[in-house]
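1. kindly generate the corresponding structure for this input.
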Amino acid sequence: MKTKRLTMAQALLEFLDHQYVEIDGVETKFVQGVMGIFGHGNVVGLGQALDQYKDRIKYYAGKNEQEITHVAIAYAKQKRRKQIFACTASIGPGSLNMVTAAGTATVNRIPVLLLPSDAYSDRQPDPVLQQVEQSYDPSITANDAFRSVSKYWDRIQRPEQLMSSAIHAMRVLTSPADTGAVTLCLPQDVQGEAYDYPVSFFKKRVHRIRRREIDPYDLEQVLSIMKDKKKPLVICGGGVRYSDAEQALVDFCETFNIPFSETQAGKGIIPWTHDLNLGGGGVCGTLAANRLAKEADVILAVGTRLNDFVTSSKFAYQNPDVTLITLNINDTDAYKMEAVSVVADAKKGLIQLKESLLKNHYKSTYGHEIKQAKEDWQLELDKMDNATSKDGFCQTTALGIINKIIDPDAIIVSASGSLPSDLERVWRPIKPDTYHLEYGFSCMGYEVSGALGTKLASPDVESYCFVGDGGFLMGHSDLFTSLQEDQKINVLLFDNHGHQCIHNLQRSQGIHTFGTEFRYRNDEGNALLGQYTHIDFAKIAEGYGAVAYRVSDAEELVAALEDAKKQTRSTLIDIKVLPGTMTDGFEHFWRVGTAQVATDSAVEKAAINMNTTVKDKCFPY
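-> Next up, the predicted model:
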């Protein structure tokens, strides 16, 4: 057997450099590089290997471990999971910083390979600097925290263990049903240990992504349900995007005159102008989507996790005869809400369903309802586009201006605060893959990093980050990384003095303002209820070397957006908007844990209303 003597870290990189994915006959190199921050836990092991392989594997130096992992997640999402980055961090706090991002990847079903450094396998330098010790189990390290947020986890205790673990890592990373964060913990000593690896371990491997068909029994079951249904509604989830199934969904809906709503992950792959596109559904949904969802007698949920924002906390489907059918490659998602589950690839499954329903001469009975719902929603959009206030610049007005001015092929990125709700409702994408929302975890601090990730994935178009002041303060070091890498991003920072979407939620449940706005402490000193704080976010960006603008009205915003297009380095537009001027309502419901006993009667009344809705109107499963 021919062998090649390498350190474990070198062998890992050699292996990763030869991994490919193939779907529908198209082959793509899978691992596009490594992002990381060096410390004593990885610089002389994996760091040496990265230096040795620098002509084959590109390395990006980050500034915060969570943020570089967010860059990798955004990159993989923008590439529809066909290309990824690996991320490395030093032992202890460096590695633990990636745990939140690991959860973000796993919740969103996005592949990312995490390589946290670990304590010594031989336990001779014990404990080492930054090692977490547990007296009851010496095998536990900080990296065990990744177990609950990873789809695959292993610790490479000996260099030869890499061979089996690396193969399983690729199995999960390339699985359309089971992908997410994959964590390979790398003890410091093992990273540098040499081993005679079989040359066959480094051969080119092509991981074929198979399209699973609908089982004949499941197909017959769906047909028996659909034949008597008059008002169907399709939900376009993220699985439609990752299966490249957008045209199949359009063909299906057009053939049978079925309207569709979108999830955050599914939005934007089909133009908002399509006659059957109702826009986002659920808590962040449009009036059109939520009204027709209540009347629908069958819901076909394609490629969605059916989380509480999609289903309005299981309130969305009010027709007493409604049946829920799921089409999902992930059987866990397919079985939710006691649905009639169809476990299959979204593209293949929609084509099969279309052919079978055609043979049965199926057609929905919608008349003018779809067009009327879209017209009613357009009136609401016009109101939000033209909202004004004597007290300041309205957030929805700013969004309407931005939507009109930036190029239609530009990518927008957001994740947290009031902006995702606003964007799912009011943003009007025309080109596919230009709407990029991380809303499975709604992870504050994803936004700036996400913009950099999308820019690396699509370098020929502009990338715009939509972030609130709260989200920006959570993480923005990749604004500097974008400058260092000469990758222009545009940060649109909406400064509304705090966490205003949570402020709205707080007050809607009868609770007074408390801890949700950015204010100074008042004279009594017992609450943050004094004057609003003031932060010059533009000055922060200028300190990094970015081009910055300060905006407080429509005219200034238009000028800033137009000038930002001309810049060759990253920009930040500090937009001062009036608190409370985001979107809200549109016949949704969101279940939250309102206190059932309180000294304030308004809180108790809100709890009664909440519990009544849950008991009387929500889907029971």
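
2. got the domain ranges for the protein?
-> Domain segmentation of the chain under automatic domain parsing yields 3-208, 216-373, 386-497+533-576.

3. redo those domains as JSON lines? Include mean pLDDT, mean neighbour count and distance to residue 610.
-> C-beta here means a position set from N, CA and C on the backbone, and glycine is covered the same way. Compiled in JSON lines, these are given as follows (pLDDT from 0 to 100; neighbours: other C-beta atoms under 10 Å; distance: least, C-beta to C-beta, whole Å):
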{"stretch": "domain 3-208", "mean pLDDT": "97", "mean neighbour count": "20", "distance to residue 610": "25"}
{"stretch": "domain 216-373", "mean pLDDT": "97", "mean neighbour count": "21", "distance to residue 610": "10"}
{"stretch": "domain 386-497+533-576", "mean pLDDT": "97", "mean neighbour count": "21", "distance to residue 610": "19"}
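
4. what's the closest of these to residue 605?
-> When the domains of the chain are compared by C-beta to C-beta, domain 216-373 sits nearest residue 605, at 19.4 Å.

5. quick check: closest non-adjacent residue to the residue nearest to the spatial centre of the chain.
-> Nearest to the mean C-alpha position of the chain, by C-alpha atoms, centre = their mean, lies residue 438 at 2.3 Å. Leaving aside its sequence neighbours, residue 438 sits nearest to residue 415 (C-beta to C-beta, 6 or more residues apart in numbering; 4.2 Å).

6. do you have the helices of the stretch 51-200 of the chain handy? List them.
-> Under the criterion DSSP state H, counting those that start in this stretch, helices of the stretch 51-200 of the chain are mapped to 65-78, 93-96, 99-107, 161-173, 188-192.

7. which strands and helices sit next to the last one?
-> In terms of contacts (3 or more C-beta pairs under 8 Å, 6 or more residues apart in numbering; DSSP states H and E), helix 188-192 is packed against helix 8-16, helix 46-52, strand 112-118.

8. next: the fourth one.
-> Taking 3+ C-beta pairs under 8 Å, 6+ apart as contact, the helices and strands that helix 161-173 lies on are helix 8-16, strand 152-155, strand 181-187, strand 205-208.

9. and the helices in the stretch 401-550 of the chain, which stretches?
-> Assigned by DSSP H, counting those that start in this stretch, the stretch 401-550 of the chain shows helices spanning 419-426, 446-457, 469-474, 478-484, 500-508, 537-544.

10. so can I have JSON lines of those helices showing distance to residue 606?
-> What follows is the helices of the stretch 401-550 of the chain, written out as JSON lines (distance: least, C-beta to C-beta, whole Å):
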{"stretch": "helix 419-426", "distance to residue 606": "20"}
{"stretch": "helix 446-457", "distance to residue 606": "31"}
{"stretch": "helix 469-474", "distance to residue 606": "24"}
{"stretch": "helix 478-484", "distance to residue 606": "39"}
{"stretch": "helix 500-508", "distance to residue 606": "7"}
{"stretch": "helix 537-544", "distance to residue 606": "34"}
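
11. for residue 76, which of those helices is the nearest?
-> When these are compared by C-beta to C-beta, helix 446-457 sits nearest residue 76, at 8.0 Å.

12. how big is the angle separating that closest one from helix 419-426?
-> Per axes from the mean of the first three to the mean of the last three C-alpha atoms, to 10 degrees, the angle that helix 446-457 makes with helix 419-426 is 60 degrees.

13. ok, back up a step: which one of the helices of the stretch 401-550 of the chain lies nearest to residue 135?
-> Closest approach to residue 135 among the helices of the stretch 401-550 of the chain (C-beta to C-beta): helix 469-474, 34.1 Å.

14. how about that closest one as CSV, C-alpha atoms only?
-> The C-alpha coordinates for helix 469-474 follow below in CSV (Å, rounded to 0.1, in the frame of the first residue of the first chain):
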residue,chain,number,x,y,z
ASP,A,469,-28.1,49.5,16.0
GLY,A,470,-28.5,46.6,18.4
GLY,A,471,-27.3,44.0,15.9
PHE,A,472,-24.4,46.2,14.8
LEU,A,473,-23.2,46.5,18.4
MET,A,474,-23.3,42.7,18.7
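
15. which strands or helices does that helix pack on?
-> If you count contacts as 3+ C-beta pairs under 8 Å, 6+ apart, helix 469-474 packs onto helix 446-457, strand 490-495.

16. just put the ones you listed in JSON lines and tack on distance to residue 85.
-> Shown next, in JSON lines, are the helices and strands packed on helix 469-474 (distance: least, C-beta to C-beta, whole Å):
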{"stretch": "helix 446-457", "distance to residue 85": "8"}
{"stretch": "strand 490-495", "distance to residue 85": "21"}
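
17. nearest to residue 279, of the ones you listed?
-> Each of these has some distance to residue 279 by C-beta to C-beta; the shortest is strand 490-495, at 21.0 Å.

18. and the closest one, what does it pack against?
-> helix 395-405, helix 446-457, strand 463-468, helix 469-474, helix 537-544, strand 571-576.

19. redo the ones you listed as a markdown table? Include distance to residue 426.
-> A markdown table is the format used below for the helices and strands packed on strand 490-495 (distance: least, C-beta to C-beta, whole Å):
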| stretch | distance to residue 426 |
| --- | --- |
| helix 395-405 | 6 |
| helix 446-457 | 18 |
| strand 463-468 | 12 |
| helix 469-474 | 18 |
| helix 537-544 | 23 |
| strand 571-576 | 15 |
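
20. nearest to residue 107, of the ones you listed?
-> Closest of the helices and strands packed on strand 490-495 to residue 107 is helix 446-457, at 11.6 Å (criterion: C-beta to C-beta).

21. which other helices and strands contact that closest one?
-> Here helix 446-457 touches helix 65-78, strand 411-414, strand 463-468, helix 469-474, helix 478-484, strand 490-495, going by 3+ C-beta pairs under 8 Å, 6+ apart.

22. contact partners of that helix?
-> Helix 446-457 has contacts (C-beta atoms under 8 Å, 6 or more residues apart in numbering) with 67-68, 70-75, 77-79, 83, 104, 411, 413-416, 436, 438, 463-467, 471-472, 475-479, 481-482, 485, 487-491.

23. and it, how far out from the chain's middle?
-> 12 Å (C-alpha atoms, centre = their mean, to the nearest Å).

24. between it and helix 99-107, how big is the angle?
-> Going by the same axes, to 10 degrees, helix 446-457 makes 60 degrees with helix 99-107.

25. and helix 446-457, C-alpha only, in PDB?
-> Output in PDB follows, covering the C-alpha atoms of helix 446-457 (Å, rounded to 0.1, in the frame of the first residue of the first chain):
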ATOM      1  CA  TYR A 446     -24.800  37.800  11.700                       C
ATOM      2  CA  GLU A 447     -25.600  40.800   9.400                       C
ATOM      3  CA  VAL A 448     -22.200  42.400   8.700                       C
ATOM      4  CA  SER A 449     -20.500  39.000   8.500                       C
ATOM      5  CA  GLY A 450     -23.300  37.700   6.300                       C
ATOM      6  CA  ALA A 451     -22.700  40.600   3.800                       C
ATOM      7  CA  LEU A 452     -19.100  39.700   3.600                       C
ATOM      8  CA  GLY A 453     -20.000  36.000   3.000                       C
ATOM      9  CA  THR A 454     -22.300  36.800   0.200                       C
ATOM     10  CA  LYS A 455     -19.800  39.100  -1.300                       C
ATOM     11  CA  LEU A 456     -17.200  36.300  -1.400                       C
ATOM     12  CA  ALA A 457     -19.800  34.100  -2.900                       C
END
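
26. that one to strand 463-468, inter-axis angle?
-> Helix 446-457 and strand 463-468 are oriented at 180 degrees to each other (the same axes, to 10 degrees).

27. got the angle for helix 446-457 vs helix 65-78?
-> Using the same axes, to 10 degrees: helix 446-457 against helix 65-78 is 50 degrees.

28. need the contact partners of stretch 601-617.
-> Residues contacting stretch 601-617 (C-beta under 8 Å, 6+ apart): 313, 315, 318, 508-511, 589, 591-592, 594-598.

29. cool, thanks, talk later.
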